[in-house]
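Novice: Okay, sequence plus prediction incoming.
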Amino acid sequence: MTDPANVKAVAQTGPDFMGFIFYPGSPRYVGKEPDPAIFNNVAADILKVGVFVHEDPVYVIEIAAMTGLDYVQLHGTETPDYCESLKLSGLKIIKAFGICDYTDFDMFESHMGVCDFYLFDTRSEKHGGSGKKFNWDILNSYNLDKPFFLSGGIGPSDAKEIMKIKNPWFMGVDLNSLFETTPGIKIPELVSGFVEEIKKSGNEL
């Protein structure tokens, strides 16, 4: 999210989290000096997530305090020690991992004790943001005791396919490019429709 008015409109659709990207290489970068209204327009019951890639931990902690972040989402190759340094500051951690069809989830076990959630995105040369899906069926074999989010190429028509994922650790989805007019500007009607479709299915992530 990058625009105060758009943040306010999307907040009214009732998401549990809203994300803000602090990685300069992203087209959704909030900027070096973001407008405080971007963060202030988030409703009190919505958790704010800051997305970072290989950033200095001191900077991450400073940004979190300045903007009121509840979580930091790490999209690089951040080590368990790096994650722990942020967690000791009081932040909650979402660690993103790139997934492909032959992924062995056991390789993520090293981060179990220092993260609150995992986020599984389509593996790419970029740090996320590929807009492509991986084979979601692989998630049914995930057996680590760590809740996860699904990301990567999720669109407004994918709600029924998403609800076919049967894993007790599946907590939610990351909605991005296919719900946008331009990078960082979401279409509230599409977000609202997607949430309603999930709820109509009798499931609520």
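Specialist: Yep, it's here.

Novice: how far is the longest strand belonging to the chain from where the chain is centred?
Specialist: Longest strand in the chain, counting residues (DSSP state E): strand 92-99. Centroid separation between strand 92-99 and its chain, computed with Cα atoms, centre = their mean, to the nearest Å, is 8 Å.

Novice: Could I get the average pLDDT for whatever helix or strand comes next after it?
Specialist: Sequence order places strand 117-122 as the next helix or strand after strand 92-99, per DSSP states H and E. For strand 117-122, mean pLDDT is 95.

Novice: residue contacts, the most centrally placed residue in the chain?
Specialist: By Cα atoms, centre = their mean, the mean C-alpha position of the chain lies nearest to D174, the distance being 5.0 Å. Residues in contact with D174 (Cβ atoms under 8 Å, 6 or more residues apart in numbering) are G19, L119, D121, F149, L150, S151, G152, I154. To be clear about C-beta, it is placed using only N, CA and C from the backbone, and glycine gets the same treatment.

Novice: Kindly indicate which of those lies nearest D137.
Specialist: L150 (12.1 Å; Cβ to Cβ).

Novice: which residues in the chain form strands?
Specialist: Under DSSP E, the chain gives strands at 17-21, 47-52, 71-74, 92-99, 117-122, 148-150, 170-173, 180-182, 185-186.

Novice: List of residues touching the longest one?
Specialist: Just to be clear, that refers to strand 92-99. 49, 70-75, 78, 83, 86-87, 108, 111, 114-124, 127-128, 134, 138, 149, 151-152.

Novice: Can you point out the buried residues in it?
Specialist: Across strand 92-99, burial judged by 16 or more other Cβ atoms under 10 Å covers K92, I93, I94, K95, A96, F97, G98, I99.

Novice: what angle sits between that strand and strand 17-21?
Specialist: Relative orientation of strand 92-99 and strand 17-21, computed by axes from the mean of the first three to the mean of the last three Cα atoms, to 10 degrees: 70 degrees.

Novice: Taking strand 47-52 as reference, get the angle to strand 92-99.
Specialist: 50 degrees.

Novice: Pairing partners for strand 92-99, with directions?
Specialist: Strand 92-99 sits in its sheet next to strand 71-74 (parallel), strand 117-122 (parallel), going by DSSP bridges.

Novice: Alpha carbons of that strand, in PDB - could you do that?
Specialist: Output of strand 92-99 as PDB, limited to C-alpha atoms (Å, rounded to 0.1, in the frame of the first residue of the first chain):
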ATOM      1  CA  LYS A  92       7.000 -10.200  15.200                       C
ATOM      2  CA  ILE A  93       8.500 -11.800  12.200                       C
ATOM      3  CA  ILE A  94       7.100 -13.200   8.900                       C
ATOM      4  CA  LYS A  95       9.900 -14.900   6.900                       C
ATOM      5  CA  ALA A  96       9.300 -15.300   3.200                       C
ATOM      6  CA  PHE A  97      10.700 -18.300   1.300                       C
ATOM      7  CA  GLY A  98      10.600 -19.000  -2.400                       C
ATOM      8  CA  ILE A  99       8.800 -22.200  -3.300                       C
END
